[in-house]
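S.K.: Output the structure for:
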Amino acid sequence: LTLYLQDTLGFSPLAAGATFGVLGAGTVLGGLTAARVIARTSTTTTLVAGGLLQAVATAVLLLLGTGTGTALALLLPATFLGGIGNMLVIVGFMITATSGVPDDEQGLATGLASMSQQVGITLGTPVMSAIVTAASGGAITASAIHHGVTTAVAVNAALVLLGVVLAANFRRGDRTRTAHHE
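M.R.: You can find the predicted model right below:
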């Protein structure tokens, strides 16, 4: 999205960075509400709902055009809502990763869960950048970058949906196995 904002819409680096403040605000709100959502529903529901919200918000970015007004009208609410969804998933994931783990293994479980998130972040940016470059054919025109970013957004939304499906099925499997052993 930084490439899109700067190279397609012509934003300065500062203006492009400032637009991500909306994403940050969504993430903060998601973090503040995650515990209440989990308490009112369940960890699985929170994981799935957060993932679906993030996937839909990401998919909305497929509609981004090359006009600034239209782009910001989609980008700002989508990144805000995507930030909420992402944080619901992160909190749900951390609770899932550490629930039922003996006290003396909590540090290990938390460390492994945090490491998996960091690996995902570390790999996600270059993989999405490679998709942008491949889809744009290496061209650096505004329309080529727009096409590349749109392709990467589609891949990102699909990966989030895959995560939702896996979380829903994995968590359902846990409940089924627990029910059979009781």
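S.K.: Secondary structure element for Thr133, which one?
M.R.: Assigned by DSSP states H and E, Thr133 belongs to helix 106-135.
S.K.: and the angle for the very next helix or strand once past that helix with helix 106-135?
M.R.: Under the assignment DSSP H and E, the closest C-terminal helix or strand after helix 106-135 is helix 142-181. Angle between the axes of helix 142-181 and helix 106-135 is 150 degrees (criterion: axes from the mean of the first three to the mean of the last three C-alpha atoms, to 10 degrees).
S.K.: Buried residues of helix 142-181, list them for me.
M.R.: 144-157, 159-161, 163-164, 167-168, 171 (16 or more other C-beta atoms under 10 Å). Backbone N, C-alpha and C define where each C-beta goes, glycine included.
S.K.: what does stretch 36-55 give?
M.R.: For stretch 36-55, by 16+ other C-beta under 10 Å, it's 37-38, 43-55.
S.K.: Other residues contacting it?
M.R.: Outside stretch 36-55, the residues that touch it by C-beta atoms under 8 Å, 6 or more residues apart in numbering are 30, 34, 81-82, 84-89, 91-93, 95-96, 99, 157, 160-161, 163-164, 167-168, 171-172, 175.
S.K.: Could I get the CA-only coordinates of that stretch as CSV?
M.R.: The C-alpha trace of stretch 36-55 is given here as CSV (Å, rounded to 0.1, in the frame of the first residue of the first chain):
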residue,chain,number,x,y,z
ARG,A,36,-14.7,-8.3,25.7
VAL,A,37,-15.5,-10.0,22.4
ILE,A,38,-13.9,-13.2,23.6
ALA,A,39,-15.8,-13.1,26.9
ARG,A,40,-19.1,-12.5,25.2
THR,A,41,-18.6,-15.1,22.5
SER,A,42,-15.6,-17.5,22.4
THR,A,43,-12.0,-17.6,21.2
THR,A,44,-13.0,-19.4,18.1
THR,A,45,-15.8,-17.0,17.2
THR,A,46,-13.4,-14.1,17.8
LEU,A,47,-10.7,-15.7,15.6
VAL,A,48,-13.2,-16.4,12.8
ALA,A,49,-15.1,-13.0,13.0
GLY,A,50,-11.8,-11.1,13.2
GLY,A,51,-10.4,-13.0,10.3
LEU,A,52,-13.5,-12.4,8.2
LEU,A,53,-13.5,-8.7,9.1
GLN,A,54,-9.9,-8.5,8.1
ALA,A,55,-10.4,-10.5,4.8
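S.K.: quick check, distance from it to the centre of its chain.
M.R.: Chain-centre distance of stretch 36-55: 13 Å, with C-alpha atoms, centre = their mean, to the nearest Å.
S.K.: So for that stretch, mean pLDDT?
M.R.: Averaged across stretch 36-55, the pLDDT comes to 94.
S.K.: Likewise for stretch 122-130?
M.R.: The model assigns stretch 122-130 a mean pLDDT of 90.
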